[in-house]
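[1] Predicted model, plus sequence, below.
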Amino acid sequence: MIRRYSGRQGDALEKIRVLSVASGAAPELRDVIRTASDAERFQVTLLDQDKIALHEAGAHIREVESRLGVRIGIEYLNHSVRTMLMAPQLKDGLGRFDLIYSMGLFDYLTPRVAAALLGKLIQLLRPGGEMIVGNFHVSSPSRYYMEYWLDWVLFYRTEAEFLSLLDNSPAKDRARTFFEDSGCQMFMQIEN
């Protein structure tokens, strides 16, 4: 994912800083951090409003640390989208990141809130960094089942609607959308 970032600053190897927004239990980290050298390469920040989810994420990380015999550079932040939006200088508190990702959050956000959050997150990207956020596509075959049987209503978006969240951002020209294999989940990638 991080193609242009070398991870080097001067003579010292600088860790790749990763931020997961609405991280949940972050089971994907078990797939990313497979070796001790992987653990040494990453500094991960998990941000979620659900303390139980962060506790589960900690359990996953401890399993990986135990298996690899290393400590993983990880920070757990119990914050909400509202907290992020209200922070005047979010990057002063969080720093800047090489990779920011969020899966399963933007489906719940109105266009106005989603656009505001994207603007805040873009400010957290380091030069050469990337952001990837997911959103269900309007053509998702599970949409009607989820809405009518489960009463699980989301903000489904087209590619144009997803990209329009960046209409007031200079990052719009650096954004593209793509899909996972089933075509249900759409992703927006923004390069800094």
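    Perfect, thanks for sending it. The model shown is predicted, which means the values in this text are computed figures rather than measured ones. Residues are numbered from 1 along each chain as shown.
[2] Every contact and neighbour count from this point should use C-alpha atoms.
    Will do.
[3] who touches residue 187 in this structure?
    Taking C-alpha atoms under 8 Å, 6 or more residues apart in numbering, we find residue 187 in contact with 132, 133, 134, 135, 177, 178, 179, 180.
[4] how about a cut-off of 10 Å?
    For residue 187, the contacting residues are 101-103, 131-137, 159, 162, 176-180, by C-alpha atoms under 10 Å, 6 or more residues apart in numbering.
[5] Select the longest strand from this structure.
    strand 125-136 (DSSP state E).
[6] Parallel or antiparallel, which strands does that one pair with?
    Next to strand 125-136 in the sheet, as set by DSSP bridges, lie strand 97-102 (parallel), strand 185-191 (antiparallel).
[7] per-residue pLDDT, the residue nearest to the spatial centre of the chain?
    A centroid search over the chain (C-alpha atoms, centre = their mean) returns residue 101, at 1.7 Å, as the residue closest to the centre. We have a pLDDT of 97 for residue 101.
[8] again, but for residue 79
    Note on residue 79: pLDDT of 90.
[9] how many neighbours does residue 68 have?
    16 (other C-alpha atoms under 10 Å).
[10] Packing partners of the helix ranked longest in the chain?
    The single longest helix within the chain, with elements called by DSSP state H, is helix 51-68. For helix 51-68, the elements it packs on are helix 29-32, helix 36-41, strand 42-48, strand 73-78, judged by 3 or more C-alpha pairs under 10 Å, 6 or more residues apart in numbering; DSSP states H and E.
[11] okay, the shortest one in PDB with CA atoms only?
    Meaning helix 29-32. Only the C-alpha atoms of helix 29-32 are listed here, as PDB (Å, rounded to 0.1, in the frame of the first residue of the first chain):
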ATOM      1  CA  LEU A  29      -3.200  -6.800  12.100                       C
ATOM      2  CA  ARG A  30      -2.700 -10.500  12.600                       C
ATOM      3  CA  ASP A  31      -2.400 -10.800   8.800                       C
ATOM      4  CA  VAL A  32      -0.200  -7.800   8.500                       C
END
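[12] if I look at residue 19, how far off is residue 142?
    To residue 142, residue 19 is 29 Å away according to C-alpha to C-alpha, to the nearest Å.
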